[in-house]
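Trainee: Next comes the sequence, and after it the predicted model I'd like to discuss.
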Amino acid sequence: MRRAAPVERAHAGAVLRAEWTKTRTTSSTVWLLAAVIALTVAVAVAATTALKCTAAGCGADPARSSLAGIYLSQTIVALVAVLAVSGEYSNGMIRTTFTAMPRRTTVLAAKAAVVTGLVLATGAVAVAASVLVGRLILPGHGFTPAHGYPSLSLDYGPMLRAATGSVLYLALIALLALGIATAVRDAAMAVGIVLGLLYLFPIIAGAVSDPHWHRHLEQIAPMTAGLYIQATTGLDQLPLSPWQGLGVPAAWAAGALLVGGGLLRVRDV
């Protein structure tokens, strides 16, 4: 029994290296991650260019505008995570993977670690570039200390929280997509479910006229609540605090991984 733990760690390390090799040698993954950066920055340029502040208290949140690209680039992140699982099912490679490592939850954990690491690194670059875009563009559009807006910088606590939280949010969306893809195995269905969870909740919440239910729907919506982490103004008007909001997609991701991992263990390949 004393020797089992080192053997298990060795097997886990081998699986992690195998998943890393499969991921980095897949050209689509590289291009999709590059697209995450490009799209996030492009939307940041468009959003900050369109924003104007001609007087004090103009009501805009420059941090959210600078990080607006996350709203769209999360779809590419979800696709990267889905393909990490469904791609092996579609080409039959999953049988070889499970033959080499019968402990399926170890394989899922390795996939989660590799995908999360790649998304965190990609998200950090995308977010840092977006903050730089806001820092360069927004002062020329009236977002200055004279109008009540500090310089957009990671030295500013709320901006640092918004930037760091945005990177973590992308990683949570990747884990959510990974869990769903593991559960359903089909890429198109998995992407459809993930996008439905992200974008249909706000639509449904917007259609609900009752303020009580509207607030509760916003509190459980993974994207709406998760992106509260980007807010640096009007925090008292949010249904949840920024970090509480980020906990919502974390809970969704954990649930998806538990369901996906459970199904992975009990059913045939």
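Mentor: Received, thanks.
Trainee: center of the chain - which residue?
Mentor: By C-alpha atoms, centre = their mean, the chain has its centre lying nearest to L170, at 1.7 Å.
Trainee: Setting aside sequence neighbours, what's the nearest residue to it?
Mentor: With sequence-adjacent residues excluded and distances taken as C-beta to C-beta, 6 or more residues apart in numbering, L170 is closest to G123, at 4.1 Å. Heads up, the C-betas are built off the backbone N, CA and C, glycines and all.
Trainee: can you map out the helices along the chain?
Mentor: All helices of the chain, identified by DSSP state H, fall at 4-24, 27-50, 62-66, 70-91, 93-100, 104-137, 157-184, 187-195, 201-207, 211-220, 222-226, 242-266.
Trainee: With respect to burial, which of these scores highest?
Mentor: Highest mean neighbour count among the helices of the chain (mean count of other C-beta atoms under 10 Å): helix 62-66, with a mean of 27.
Trainee: Quick one: distance of that one to the chain centre.
Mentor: 17 Å (C-alpha atoms, centre = their mean, to the nearest Å).
Trainee: ok, G206 - contacts?
Mentor: Counting by C-beta atoms under 8 Å, 6 or more residues apart in numbering, G206 touches H214.
Trainee: Pull the number of nearby residues for P145.
Mentor: By other C-beta atoms under 10 Å, 9 other residues sit near P145.
Trainee: how about it, what does it touch?
Mentor: P145 makes contact with S151 under the criterion C-beta under 8 Å, 6+ apart.
Trainee: what's the distance between the residue nearest to the centre of the chain and E218?
Mentor: Per C-beta to C-beta, to the nearest Å, L170 is found 20 Å from E218.
Trainee: dump the residue contacts of the nearest residue to V248 once chain neighbours are set aside.
Mentor: Once flanking residues are discounted, V248 sits nearest to A225: 3.7 Å by C-beta to C-beta, 6+ apart. Shown in contact with A225 (C-beta under 8 Å, 6+ apart): E218, Q219, P239, L240, Q244, G245, L246, V248, P249.
Trainee: what's the distance between A225 and G245?
Mentor: The value you get for A225 to G245, if C-beta to C-beta is used, is 4 Å.
Trainee: try L227
Mentor: Distance from L227 to G245, by C-beta to C-beta: 7 Å.
Trainee: Ok, G13 next?
Mentor: 35 Å.
Trainee: which stretches of the stretch 1-150 of the chain have low pLDDT?
Mentor: For the stretch 1-150 of the chain, residues meeting the criterion pLDDT under 70 lie at 1-11, 56-57.
Trainee: Give me the neighbour count for A231.
Mentor: Other residues lying near A231 total 20 when counted by other C-beta under 10 Å.
Trainee: In contact with T29, which residues?
Mentor: Here T29 is in contact with T23, V80, L83, A84, L118 (C-beta under 8 Å, 6+ apart).
Trainee: which residues sit in contact with R185?
Mentor: V85, S86, Y89.
Trainee: swap in A84?
Mentor: T23, T29, K111, V114, V115, L178, A181 are the contacts of A84 under C-beta under 8 Å, 6+ apart.
Trainee: residues touching the nearest residue to A78 once chain neighbours are set aside, list them.
Mentor: Take A78 and drop its neighbours on the chain: the residue closest to it by C-beta to C-beta, 6+ apart is A177, 4.0 Å away. A177 makes contact with V77, A78, L79, A81, V82, A190, V191, V194, A256 under the criterion C-beta under 8 Å, 6+ apart.
Trainee: on that earlier part again, just the closest of the contacts of R185 to D155, please.
Mentor: D155 has its nearest neighbour among the contacts of R185 in V85, at 39.4 Å by C-beta to C-beta.
Trainee: Help me confirm that that closest one comes into contact with L178.
Mentor: Yes - judged on C-beta atoms under 8 Å, V85 makes contact with L178 at a distance of 6.2 Å.
Trainee: Now the common contact residues for those two.
Mentor: Here V85 and L178 have K111 as joint contacts, going by C-beta under 8 Å, 6+ apart.
Trainee: Leaving out the residues flanking it, which one is nearest to W20?
Mentor: Per C-beta to C-beta, 6+ apart, closest to W20 is V114, 5.2 Å.
Trainee: pretty sure that neighbour is touching A18, no?
Mentor: No - between V114 and A18 there is no contact under C-beta under 8 Å: 9.6 Å.
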